[in-house]
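>>> Predicted coordinates and the sequence they were generated for:
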Amino acid sequence: MNLVQLLNNLVNNFKEVIYRKDLIKLSSLYNDVKWSDNHRFAQHYQKHFAPLRLKKLKILEIGIGGYDDPKAGGDSLRMWRSYFPNSMIYGIDIVDKKSLESNSIQIFQGSQEDKNFLEKIIAETGKMDIIIVDGSSVNEHRVKTFNILFPLLNDAGIYAEENTHISYWPSLGEKWSSLSEKSVFLSNHVNVGGSIDLNASHTIMAMYKRLTDGLNYQEFLNPGYSPSYLDKHIVAIHFYHNLVITYKGNNNEGSNIIENNTLQPSVLEILGVSSLEELGIKFPEVDLPSRQVMDLTTNIENK
Ligand SMILES: C[S@@+](CC[C@H](N)C(=O)[O-])C[C@H]1O[C@@H](n2cnc3c(N)ncnc32)[C@H](O)[C@@H]1O
């Protein structure tokens, strides 16, 4: 290391101490990982993570960066380590990034849509408190990952989904399919699988849009409705440009006038009827929130 490098390191170490509570500034020391033109994430993370900064947490980021180069990437993991000094930081990438492991940073190689792989990691590390997803650009992978990992978050855990723009980008056609074999980067971007149709039901944004109705499942006038795991365990969903932040908890606040998805007996009595049908209300056949999402996995109820 020459003198200039040594001085640069000293300056950076100094800045790291000064910037330690400010994610926007801290990001600047790590190639602006969470603060660039279409990645204005640091400001939102700051708001959600500041109260947790000094806690002893388990934090997982999927997608370490650098794609096919095993030695490249890791900036966001290092930034989280700086910001959360008492936490353990875990990273997952489909490419072997083990050489980027260091103090408080543990790395696993595998795909974010591989249920066995993800469950094995959590069995080894214990449940996570924060999960940040910045890996595959394929919508189907993102939906699967959420369904596998959200139930494996601790109570009051936070699940952050970055780069939701992939919802709006369709896969490229046959003509480009051979590019997929060339690199992880190209494979991700050829097979995004989003849609220009804003009503498409399979994208990662469609999943979150449906889950927002689940927040209010106790208000549905649908006698016999059986809430899903996600209905019962999502307490907040925050939407930002390219970023969705979901909170886990007990979604059991209850409703003013609805009980068991029908009007409370006292309300029916006031109205002089014994059922919703007598009022002419029948819940339509709809794509119920979180039902379609749930079809992708099984046994979540038992987690
Ligand atoms: C955008 S980069 C991550 C950048 C990093 N999080 C940061 O903030 O600096 C995406 C990474 O996801 C990885 N990736 C792609 N497909 C994946 C998959 N199916 N499972 C896990 N990682 C994947 C890529 O190898 C790449 O390194």
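Cool, the structure landed.

>>> Please enumerate the helices of the stretch 51-200 of the chain.
With DSSP state H, counting those that start in this stretch as the definition, the stretch 51-200 of the chain shows helices at residue ranges 75-83, 115-125, 139-149, 184-190.

>>> hmm, the first one touching the ligand?
Yes. For helix 75-83 and the ligand, the contact criterion (C-beta under 6 Å from any ligand atom) is met by Asp75, Ser76. (Glycine included, C-beta is placed from N, CA and C.)

>>> Could you look up the SS state of Val4?
Reduced to three states with DSSP: H, G, I helix; E, B strand; the rest coil, the structure at Val4 is helix.

>>> rewinding a little: between the helices of the stretch 51-200 of the chain, which gets nearest to Asp37?
Minimum separation from Asp37 across those (C-beta to C-beta) falls at helix 75-83, 16.7 Å.

>>> Can you tell me what sits against that closest one?
The contact list for helix 75-83 (C-beta atoms under 8 Å, 6 or more residues apart in numbering) reads 16, 20, 23, 26-27, 29-31, 33-34, 49, 53, 59, 61, 64-65, 87, 89, 91, 100, 103-105, 107, 132, 134.

>>> With stretch 253-268 instead?
217-225, 271, 274-276, 279.

>>> what about 10 Å?
215-227, 235, 269-271, 273-276, 278-279, 281, 283 (C-beta atoms under 10 Å, 6 or more residues apart in numbering).

>>> which bits of this protein sit near the ligand?
Within the chain, the positions adjacent to the ligand are 33, 61-67, 73, 75-76, 92-95, 111-113, 134-136, 141, 184, 188 by C-beta under 6 Å from any ligand atom.

>>> Output the contacting helices and strands for the helix or strand hosting Asp231.
Using DSSP states H and E, Asp231 falls within helix 229-233. Under the contact criterion of 3 or more C-beta pairs under 10 Å, 6 or more residues apart in numbering; DSSP states H and E, the helices and strands touching helix 229-233 comprise helix 139-149, strand 153-162, helix 204-214, strand 243-248, helix 291-294.

>>> what distance separates it from the centre of its chain?
Relative to the chain's own centre, helix 229-233 is displaced by 15 Å; criterion: C-alpha atoms, centre = their mean, to the nearest Å.

>>> need the next SSE after that helix, C-terminal direction.
On the C-terminal side of helix 229-233, the closest following helix or strand by DSSP H and E is strand 234-240.

>>> List the buried residues for that following strand?
Ile234, Ile237 (16 or more other C-beta atoms under 10 Å).

>>> tilt between that strand and strand 153-162?
Compare the direction of strand 234-240 with that of strand 153-162 by axes from the mean of the first three to the mean of the last three C-alpha atoms, to 10 degrees and you get 20 degrees.

>>> Starting from strand 234-240, tell me which strands it pairs with and how they run.
strand 243-248 (antiparallel) (DSSP bridges).

>>> circling back: what subset of the contacts of helix 75-83 is buried?
Using 16+ other C-beta under 10 Å as the burial test, the contacts of helix 75-83 include 16, 23, 26-27, 29-30, 33-34, 49, 53, 59, 61, 64-65, 87, 89, 91, 100, 104-105, 107, 132, 134 as buried.

>>> From the residues you listed, which land in strands?
Ile59, Glu61, Ile89, Gly91, Ile105, Ile107, Ile132 (DSSP state E).

>>> would you turn those into TSV with pLDDT?
Listed next are those as TSV, based on pLDDT from 0 to 100:
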residue	pLDDT
Ile59	98
Glu61	98
Ile89	98
Gly91	98
Ile105	98
Ile107	98
Ile132	98
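
>>> so how many other residues sit close to Lys47?
Residue neighbour count, defined by other C-beta atoms under 10 Å, stands at 13 for Lys47.

>>> so it touches Ala160, yeah?
No. Contact status for Lys47 versus Ala160: not in contact, 11.9 Å apart, counting by C-beta atoms under 10 Å.

>>> overlap in contacts of the two?
Contact criterion C-beta under 10 Å, 6+ apart; residues shared by Lys47 and Ala160: His238, Tyr240, Ile245.

>>> hmm, back to that, now the helices of the stretch 51-200 of the chain in JSON lines, with distance to Ile196?
Formatted as JSON lines, the entries for the helices of the stretch 51-200 of the chain read as follows, by distance: least, C-beta to C-beta, whole Å:
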{"stretch": "helix 75-83", "distance to Ile196": "30"}
{"stretch": "helix 115-125", "distance to Ile196": "30"}
{"stretch": "helix 139-149", "distance to Ile196": "13"}
{"stretch": "helix 184-190", "distance to Ile196": "16"}
